[in-house]
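A.B. asks: what shape does this take:
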Amino acid sequence: MNFLSFLIENLETFLTYTGFANVTPGHIVMILVGLFFIYLAIAHEFEPMLLIPIGFGILIGNIPFKDAGLQLGIYEEGSVLNILYQGVTQGWYPPLIFLGIGAMTDFSALISNPKLMLIGAAAQFGIFGAYILAMWMDFEPNQAAAIGIIGGADGPTAIFLSSKLAPNLMGAIAISAYSYMALVPVIQPPLMRLFTTKKERVIRMKSPRAVSQTEKIIFPIAGLLLTCFLVPSGLPLLGMLFFGNLLKESGVTRRLAETARGPLIDTITIVLGITVGASTQATQFLTWDSTKIFGLGALSFIMATAAGVVFVKFFNLFLKEGNKINPLIGNAGVSAVPDSARISQIIGLEYDPTNYLLMHAMGPNVAGVIGSAVAAGILLGFLS
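C.D. replies: Here you go, the predicted structure:
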């Protein structure tokens, strides 16, 4: 009888530790969100490299457990997840991601047509527009800045800035930024059609001029000096971006470039995605502020896309016939590389199957990467 009582007592204790005993409606909601992310990645191929790690991370972060000092959760100091999450909270991962982006990016389109940089700059209006709206909705200035950066459609930049200015909102900001990056094929095309005419959609642009290897080598050095002398607070991101690009273009560090754009960025993407997803524990994530962040993130992204397209239309007023820019590449000013440039190509081919816009769109697309990092540096410099 004593043995039976002992067995029952231990069984009851064991049951109190199971997820079934500790689950809440919030956990169920977040698990469904994680499953939805995985579905989008597999069924529709929406940024699978990001959404599968994030979606599975959401499942990991929302397994219910009894807080008994077992060091399981991502917010429990000393746990494995917490140690990995420090790369997010301390801002280690985003610069390494930028190193890989630089090593895989060809800036030739931008070098051959520097005025495309203006489109990338115009698209940053979404960041500052959302910043103003967030202030109006009673967020603190530092929180508003971290929320606004979602409009750049640049997940690593959003994580980097929120880790410095609004660490308590990082989970919602990161998930929002990566969600809208994945939804580029859904959000951007209607806006591009709305703000352009059929005549504008078939504008043919001159072929980009050939860019010499010397220009490609000079660009990351000049880009670093120019941007970081102007915005020193953007150094962690911009420095690594241009360093990665120099590894690619120098011609003598092929192994380093291949490591940066291959195994390194893949490893960091996996760890970043899992930990960002796991940070969405229902008790921390399901708040009214998170809902407002998702709404502001959508507005920010819409404003950035619209600003890029409308700016091209305005800029064309000052360009001679034959030198005009197709406004469909204005959407590429956001830094979702290369998805937003691909959308420019896809929509352009719908109206003229022989008009290839991808190479032209890559100019504002890579300018958007630089622009979002500069915008983050400006906000960090003013508000840190």
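A.B. asks: mind listing what's buried in the one helix or strand residue 363 maps to?
C.D. replies: Using DSSP states H and E, residue 363 falls within helix 358-383. Across helix 358-383, burial judged by 16 or more other C-beta atoms under 10 Å covers 358-380, 383. For every residue, glycine as well, the C-beta is placed using N, CA and C.
A.B. asks: assign a three-state SS to the residue lying closest to residue 369 once chain neighbours are set aside, would you?
C.D. replies: Spatial nearest neighbour of residue 369, chain neighbours left out: residue 335 (4.2 Å); criterion: C-beta to C-beta, 6 or more residues apart in numbering. At residue 335, secondary structure determined by DSSP: H, G, I helix; E, B strand; the rest coil is coil.
A.B. asks: against residue 223, how distant is residue 335?
C.D. replies: For residue 335, the distance to residue 223 equals 15 Å [C-beta to C-beta, to the nearest Å].
A.B. asks: what of residue 45?
C.D. replies: Taking C-beta to C-beta, one finds residue 45 at 32 Å from residue 223.
A.B. asks: looking at the two, which is more packed in?
C.D. replies: Remark: of residue 45 and residue 223, residue 223 carries more neighbours, 20 against 11, as counted by other C-beta atoms under 10 Å.
A.B. asks: how many neighbouring residues does the residue lying closest to that one once chain neighbours are set aside have?
C.D. replies: Once flanking residues are discounted, residue 223 sits nearest to residue 242: 5.2 Å by C-beta to C-beta, 6+ apart. Using other C-beta under 10 Å, residue 242 has 24 other residues around it.
A.B. asks: give me the element residue 242 is part of.
C.D. replies: helix 235-249.
A.B. asks: show me where pLDDT drops low in the stretch 251-384 of the chain?
C.D. replies: Applying pLDDT under 70 to the stretch 251-384 of the chain flags the ranges 384.
A.B. asks: now the helices for it?
C.D. replies: 254-259, 265-278, 282-285, 288-316, 339-351, 358-383 (DSSP state H, counting those that start in this stretch).
A.B. asks: cool, and the stretch 51-200 of the chain?
C.D. replies: According to DSSP H, counting those that start in this stretch, the helices that the stretch 51-200 of the chain contains are 80-89, 93-104, 108-112, 117-122, 125-136, 141-148, 155-165, 170-182, 184-194, 198-201.
A.B. asks: residues in contact with the longest one?
C.D. replies: Helix 170-182 has contacts (C-beta atoms under 8 Å, 6 or more residues apart in numbering) with 37, 40-41, 46-47, 50-51, 54, 88-89, 146-147, 149-150, 153-155, 158-159, 162-163, 166, 187, 273, 276-277, 279-280, 284-285, 287, 289-290, 293-294, 297-298, 301, 336, 339.
A.B. asks: what's the nearest residue to residue 371 if we skip its chain neighbours?
C.D. replies: Residue 371 sits nearest to residue 120 (C-beta to C-beta, 6+ apart), 4.4 Å away.
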